[in-house]
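**Student:** Need coordinates for the below:
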Amino acid sequence: MRGTAYDLVVVGGGVMGCAAALRCAAGGMKTAVVEKDALGSGASGVNAGTLSLQIKRAALMQYAIRGLAIWKDAGTAVGYHRTGGYTLAFSAREASLLEERVTSKRAAGAPVSMISLQALRRQEPGLSDRVVAASTCPEDGFADSSLTGHYYRKLLSVADVAVYEHTPVTGIVPVADGYELVTSQGILTARRILLAGGAWLNTLLPMLETSLPVAVRVSLSRPLRPPETGALSESS
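**Tutor:** Reported below is the predicted structural model:
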């Protein structure tokens, strides 16, 4: 591998790393992706696959809408299904908060609206009688996250992006014209690097003698607990 030089090496083969590599390759950069396991084997490949505009913050809605379009275009290759969805409120306070969020998300471009309890129960007769208010979004759906790695592997191949799977990076050395990456398969050189390790960034950043406040919210070393905010929780 020594002597193999790239304009950009992306460290991390999840959705963010692969998508960034594809965009840079489309712009003319000679690009490689280095992943310590298999593509999509981390958080990108083991999540619930939820594609819901309702749970996204209004400030990020423009990105959520563009992201949803990407998954819709991928279609069956990622197990995409458009199902529609609901967000439920179980108290007067939650109902007020839900209406406030629906208003802000509609203003941001999301096709979200409140739905009457009568209409909701016609569509979902098995819901609890404790529901006091609800919103709906016909564009909500899901994908099969376990297909993420397979999908991006094909796209990277077509885009002529070099992919090094099962190749941990053990060192990053700044050099005159970029960086040398020490990996389990040898040395890669790059004019630029992009660290896309997600929750594993804290193992990469010390190689550059720097740090960021990266916190892991879910760890397999402790049991999972339901979110404290219940049905109205939002993701970033």
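
**Student:** so where do the helices sit in the chain?
**Tutor:** Along the chain, counting by DSSP state H, helices occupy 15-26, 43-46, 61-74, 92-107, 117-123, 148-158, 201-204.

**Student:** E165: which of those helices is closest?
**Tutor:** Nearest to E165, of all the helices of the chain, is helix 148-158, at 8.4 Å by Cβ to Cβ. Yep, even glycine has a C-beta here, placed from its N, CA and C like the rest.

**Student:** Just the C-alphas of that closest one, formatted as CSV.
**Tutor:** Only the C-alpha atoms of helix 148-158 are listed here, as CSV (Å, rounded to 0.1, in the frame of the first residue of the first chain):
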residue,chain,number,x,y,z
THR,A,148,-26.5,-0.1,4.3
GLY,A,149,-23.0,-1.5,3.8
HIS,A,150,-24.0,-3.6,0.8
TYR,A,151,-25.6,-0.6,-0.8
TYR,A,152,-22.7,1.8,-0.3
ARG,A,153,-20.1,-0.9,-1.3
LYS,A,154,-21.7,-1.0,-4.8
LEU,A,155,-21.9,2.8,-5.1
LEU,A,156,-18.3,3.2,-4.1
SER,A,157,-17.2,0.5,-6.6
VAL,A,158,-19.0,2.3,-9.4
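
**Student:** related to what we said a few turns ago, the helices of the chain: which one's closest to D177?
**Tutor:** helix 15-26 (17.8 Å).

**Student:** list the buried ones in the closest one?
**Tutor:** The neighbour-count check on helix 15-26 (16 or more other Cβ atoms under 10 Å) flags V15, M16, G17, C18, A19, A20, A21, L22, C24, A25 as buried.
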